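Novice: build me a structure from this.
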Amino acid sequence: MPKPKTAAQIRRMFGLAKPLGCAKEDIEDLAFDVTNGRTSSLAELTFAEANGVIVRLGGEAFADNYIPRRTQNHHKQVAGIPTIASAAHLQYLDDIWFTAPHRTAEGLASICRRTIKADRPRTAQECNKIVEAVKRMNRAAATDAAIASTAPAARRLA
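Specialist: Numbers count the residues shown, from 1 in each chain. Alright, predicted model coming up:
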């Protein structure tokens, strides 16, 4: 039994067809042509036939052995291979660090050196350590600010 098409393939077909001004009926006509008259239904396409429609629309065919990135990362984690910190993760670290106006890049580098013995996190695990440390610092700063704002009112009542 042939491998069925994926939802991602259908999304790619419509994504490629939209700039060309093609409607669903046009894609179905193309599917009829690619399948040599077997079907015009997008739901009945096989993986290879859906790839054929995608290529005809000017796109790049899906790999037959596609493994989702999440699964690939899980396999690496199980094997003990460290995952490199992503740009988005490092940006998140910068975003939460610079929420306080007095913080500097040198301060972040100093915390990194004390915690992970490097100026910047290299792996996702290192980045997680620093992110959690910064979150704790932010919570402590918020608590201190809340106490400081209520302290004068408490003194007035006494």
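Novice: hmm, Trp97 is touching Val134, no?
Specialist: Yes - counting by CB atoms under 8 Å, Trp97 touches Val134, with 5.3 Å between them. All C-beta atoms are positioned from the backbone trio N, CA, C, and that covers glycine.
Novice: helix or strand with the lowest mean pLDDT in this protein?
Specialist: Taking all helices and strands of the chain together, the one with the lowest average confidence (mean pLDDT, DSSP states H and E) is helix 124-157, at a mean of 84.
Novice: quick check, central residue of the protein?
Specialist: Ala88 (8.0 Å; CA atoms, centre = their mean).
Novice: do you know how far it is from Asp144?
Specialist: Summarising the geometry, the distance separating Ala88 from Asp144, computed by CB to CB, to the nearest Å, is 30 Å.
Novice: and Ile54, how many residues sit next to it?
Specialist: Other residues within reach of Ile54, judged by other CB atoms under 10 Å, total 23.
Novice: element containing it, please.
Specialist: helix 47-56 (DSSP states H and E).
Novice: tell me the buried residues in that helix?
Specialist: By neighbour count, and taking 16 or more other CB atoms under 10 Å as the criterion, the buried residues in helix 47-56 are Phe47, Glu49, Ala50, Asn51, Gly52, Val53, Ile54.
Novice: what bits of the chain have low per-residue confidence?
Specialist: 151-158 (pLDDT under 70).
Novice: 50 - rerun?
Specialist: Across the chain, nothing is flagged by pLDDT under 50.
Novice: so how far is Ser110 from Phe14?
Specialist: The span separating Phe14 from Ser110 equals 50 Å under the rule CB to CB.
Novice: let me fix that: Lys18
Specialist: Separation of Lys18 from Ser110 (CB to CB): 50 Å.
Novice: sorry, back to before: just the CA coordinates of the helix holding Ile54, formatted as CSV?
Specialist: Only the C-alpha atoms of helix 47-56 are listed here, as CSV (Å, rounded to 0.1, in the frame of the first residue of the first chain):
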residue,chain,number,x,y,z
PHE,A,47,2.8,10.7,-0.9
ALA,A,48,4.6,10.5,-4.3
GLU,A,49,1.6,11.9,-6.2
ALA,A,50,1.3,14.9,-3.8
ASN,A,51,5.0,15.5,-4.3
GLY,A,52,4.4,15.5,-8.1
VAL,A,53,1.7,18.1,-7.7
ILE,A,54,4.1,20.2,-5.5
VAL,A,55,6.9,20.0,-8.1
ARG,A,56,4.5,20.9,-10.9
